[in-house]
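Colleague: just to be clear, the model below is a prediction. Sequence and coordinates:
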Amino acid sequence: MHEDRVHSPGSTNVGVTERWVGGLGGGLLIAYGLARPSWPRWLAVGSGACLVYRSLRGHCELYGLLGVDTADRSASATTFAVVTINRPAAEIYGYLKNPERIRGALGAVTEVNRTGVSSFTVEEGAHGKAPARWQVEVTAERANEFVAWHVTSEGKPGHAGQLTLRNAPGNQGTEVEVQLQQEGVASPAGILADKAAGLGWRTKVTRALQRLKQLVEAGETADTAGQSAGVRSVLGRVLSPDR
Amino acid sequence: MKAICWQGIHKVGVETVPDPHLINPHDIILKVLATTICGSDLHLYDGYIPFMETGDIIGHEFMGEVAEAGPAVKKLAAGDRVVVASVIGCGECYYCRRDLWSLCDNSNPNAHLAEKLWGYSPCGIFGYSHLVGGYAGSHAEYVRVPFADQGARKLPDGITNEQALFISDAFPTGFMAADLCGLQGGEVVAVWGAGAVGLFAIKSAYLLGAERVIAIDRYPERLAMAANRFGAQTLDYTKVDVQTALRELTGGRGPDACIDAVGMEAHHPGIEGAYDRIKQTFRLETERPHVLREAILSCRKGGTLSIIGVYGGLADKIPLGALMNKGLQLRSGQMHAQRYLDRLIDYVASGEVDPSVMVTHRMALDEAGHAYKMFKHKEGGCLRVVFEPFGRR
């Protein structure tokens, strides 16, 4: 599974204002550090140097890892993920035409109901909260090649998306690519909050594609939920990656 | 049911846990008739494999009887006696269809963790950390087996449980180690490590055409077994310089192929061993790769290295210059058990190989703590411990 931003990994992802503030702040930290007699001075000098470097370069590695981009606010919420499924495009396209199967791939989604020729409602379960409902309108599609859609939800930013099917080189399966363009500006703080909750768009899309691949290829998703285990530690229960 | 659970570094114990149940349509529930501690289980015991959690049921080498089959299982039914591959493959992805089962795309539910560490994820493995799926292992009375039609094989009546047991992991691992050497006939093969996997590698190298096999270890009983039962020449690395000895034993040319059946916890009595142990203790490297270094330096020019011992992360001071300038071919991987199961069952059924000679100790699940300690320290000539949760059959 490959996932990445539309921007290349080393490209600018820090906004102009943030670069100015960071650069000036970094310079002040360096000056402060050099003026101090004690050893922690080097911590301030090092931190300041990092900020100056980040500002001059315009690229933040942490932002890159988290998928945050403050350089181009309109593009900051573009998500891209791709997976190769070891089946012909027609089989995958046929699979996606079935709402029940889409539900299987979308994990947290509890219901998908067709409301028109090209429209659906999607209900997403939430622990202890009222489920979120989304209206999905298929805006364009070509059999075995692509499906484009638009999603709206009351009180939440919507998104436009496209799933493209391409023959993999040597006809060794089909490359399934998803691009989402979120509407409205997602703040870095908001993206970080999503990340912390494991709900980032990239994570969601990537996991959904992985589930789709498992369902199409193997007929089921790999799962260990509810299996036998001995006594877990408290820390283990919190940190366990598959629970 | 009773199960052996990982409870921390150097701590395993028997706990009463809920019985497993079918989760997916291709699952079976297996009544475990025999399961053994593999050398790679010691990496969990010693705390070198990340993403272990207290309460994890360990064990990945096993055989048993089908207790219940999911609705999509076609080839198996309740009551069938089967051996199960330790690696889990879906049978349908790009890799499984190319017989590269341990690279299965679809059997690791925690693939995202492995991708962070290794770029791409290998398959899921029973009882071998959440990094490779977090599947409950086989040191238990019952175990859930996903994609059972792909990974489990019915056993003919002539094969005993103890003979079948090692077809789950050690035998295919040793066999693949030899297979990766690309033997054409007449080669000299050196095998580091004369545990069960190493011994199976020796036998397999001969089956695949090697003319001479040289086994390297330090335990007299293992070297004796390699020599007497499997026809290998032997070297005790605490008594000879291995590189020099191999050169002398091969007419100055070096072995055509070198098999590393040791992996991340190699012992070495000298400074190099101390260096690795210190770095590994402080997690400055995750491996003690002495065997890998020695194999690279010992192998003849243009030879093949077959790495089948388990490595997990990062190693230091690997002689890449020798690897490159000698034109060595490097082949490796977790074994693709499903590729070899039928062939290995035939070898055992025909009497050509008797894997049960590996069994030195038989114990109940309740003796887990003692069994792991004894296996780790090779006490009492321990080569393999077998647990029989329901007693001898």
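Modeller: Okay, I see it.
Colleague: where along chain A do the strands fall?
Modeller: A:2-4, A:78-85, A:109-116, A:119-126, A:129-142, A:146-153, A:156-167, A:174-182 (DSSP state E).
Colleague: and the longest helix anywhere in chain A, what's buried?
Modeller: Longest helix of chain A, by residue count under DSSP state H: helix A:16-35. Buried residues in helix A:16-35, counted by 16 or more other Cβ atoms under 10 Å in any protein chain shown: A:18, A:19, A:22, A:23, A:26, A:29, A:30, A:33. To be clear about C-beta, it is placed using only N, CA and C from the backbone, and glycine gets the same treatment.
Colleague: how many residues are close by the closest residue to the third one other than its chain neighbours?
Modeller: When you say that, I think you mean residue A:22. Residue nearest to residue A:22 in three dimensions, not counting chain neighbours: residue A:55, with 4.2 Å by Cβ to Cβ, 6 or more residues apart in numbering or on different chains. Residue A:55 has 21 neighbours, counted by other Cβ atoms under 10 Å in any protein chain shown.
Colleague: go on, residue B:227?
Modeller: By other Cβ under 10 Å, the residues close to residue B:227 number 15.
Colleague: excluding sequence neighbours, find me the nearest residue to it.
Modeller: residue B:234 (5.0 Å).
Colleague: and the one you found, helix, strand or coil?
Modeller: Secondary structure for residue B:234, judged by DSSP: H, G, I helix; E, B strand; the rest coil, is strand.
Colleague: tally of neighbours for it?
Modeller: 19.
Colleague: contacting residues for it?
Modeller: By Cβ atoms under 8 Å, 6 or more residues apart in numbering or on different chains, residue B:234 lies in contact with B:194, B:214, B:215, B:216, B:217, B:223, B:224, B:226, B:227.
Colleague: the strands of chain A: lowest mean pLDDT?
Modeller: For the strands of chain A, mean pLDDT drops lowest on strand A:2-4, to a mean of 40.
Colleague: A helix includes residue B:317, no?
Modeller: No - counting by three-state DSSP, residue B:317 is not part of a helix but coil.
Colleague: which residues does it contact?
Modeller: Residue B:317 is in contact with B:275, B:289, B:293, counting by Cβ under 8 Å, 6+ apart.
Colleague: by neighbour count, which of the residues you listed wins?
Modeller: residue B:289 leads these on contacts (other Cβ under 10 Å) with 29 neighbours.
Colleague: local confidence estimate at it?
Modeller: Looking at residue B:289, its pLDDT reads 95.
Colleague: ok, residue A:199 next?
Modeller: 56.
Colleague: so residue B:131, which of the three states?
Modeller: From three-state DSSP, the assignment for residue B:131 is helix.
Colleague: who touches it in this structure?
Modeller: Per Cβ under 8 Å, 6+ apart, neighbours of residue B:131: B:49, B:50, B:51, B:110, B:113, B:114, B:117.
Colleague: so how many other residues sit close to the last one?
Modeller: As a burial measure, residue B:117 scores 13 neighbours (other Cβ under 10 Å).
Colleague: and residue B:59, by the same measure?
Modeller: Neighbourhood size, residue B:59 [other Cβ under 10 Å]: 29.
Colleague: also the one 4 residues further on?
Modeller: With neighbours defined by other Cβ under 10 Å, the count for residue B:63 comes to 28.
Colleague: okay, which residue is most central for the chain?
Modeller: Answering for chain A, as no chain was given. residue A:202 (1.1 Å; Cα atoms, centre = their mean).
Colleague: sorry, I should have been clearer: chain B.
Modeller: residue B:170 (4.9 Å).
Colleague: quick one: contacts for the residue nearest to that one when sequence neighbours are not counted?
Modeller: Distance criterion Cβ to Cβ, 6+ apart; nearest residue to residue B:170, sequence neighbours excluded, is residue B:196 at 4.3 Å. Listed by Cβ under 8 Å, 6+ apart, the contact set of residue B:196 reads B:38, B:39, B:166, B:170, B:174, B:358, B:383, B:384.
Colleague: excluding its backbone neighbours, what's nearest the third one?
Modeller: Same thing as residue B:166. Here the residue nearest residue B:166, using Cβ to Cβ, 6+ apart, is residue B:355, at 3.8 Å.
Colleague: residues near the one you found, how many?
Modeller: Residues near residue B:355, counting by other Cβ under 10 Å: 26.
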